[in-house]
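Peer 1: build me a structure from this.
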Amino acid sequence: LLPGCELTASTKSYTFQVDEDDDSDHILALSVVCLTDGAKDECNVVEVVGRNHENQEIAVPVANLRLSCQPLLSLDNFKLQPPVTFRLAAGSGPVHLAGWHQIMHRDDASFEEEEDDMSEEEIAPIKPAKKERMKQ
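Peer 2: Sure, this is the predicted structure:
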């Protein structure tokens with residue numbers, strides 16, 4: 001998804017997946033969904049297709065964009081776990097999706113060391129703020 005993907009009438013879906021042999025944890029975050037040049041004033045519905053806890057495919061609409069009233073939607077880094085498919089369920093787009101992909105290595109020793117260093121640091125106690133008296 002970095003730097004993004006575009007859904008159109010001819011390319012109605014985009015799938016983000018990781019290598020099955022990869023034992024890292026992957027987080028995909030969707031930040032913005034917006035209409036781009038050439039979009040018509042019609043409803044453009046974007047769905048996220050993933051799997052639930054029973055491994056059944058589920059599709060959830062995350063954006064309904066229309067050029068005249070809501071051409072852009074900020075999703076505040078809506079986090080998803082790959083594999084995930086973004087699908088243009090209605091409309092002809094083009095709809096641009098932007099977000100980021102984070103990889104957390106399970107066997108990354110430096111990550112654990114950083115965590116230990118953080119816990120050993122002295123944290124200064126929080127002091128209450130001084131109240132200023134207003135002069136009359």
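
Peer 1: each with direction, which strands does the helix or strand containing residue 27 pair with?
Peer 2: According to DSSP states H and E, residue 27 maps onto strand 25-35. Each strand paired with strand 25-35, and its direction, by DSSP bridges: strand 72-80 (antiparallel), strand 95-104 (antiparallel).

Peer 1: out of those strands, indicate the one that is most buried.
Peer 2: strand 95-104 (a mean of 16; mean count of other C-beta atoms under 10 Å). Just so you know, the C-beta spots here come from the backbone N, C-alpha and C atoms, and that holds for glycine as well.

Peer 1: identify the residues contacting it?
Peer 2: When contacts are defined by C-beta atoms under 8 Å, 6 or more residues apart in numbering, strand 95-104 is touched by residues 1-8, 14, 16, 24-36, 39, 44, 46, 63, 65, 77-78, 86, 88, 111.

Peer 1: right, and the strands paired with strand 25-35 - which one's nearest residue 20?
Peer 2: strand 95-104 (14.8 Å; C-beta to C-beta).

Peer 1: now the strands for the chain?
Peer 2: Here the chain has its strands, by DSSP state E, at 5-7, 13-16, 25-35, 44-51, 57-65, 72-80, 84-90, 95-104.
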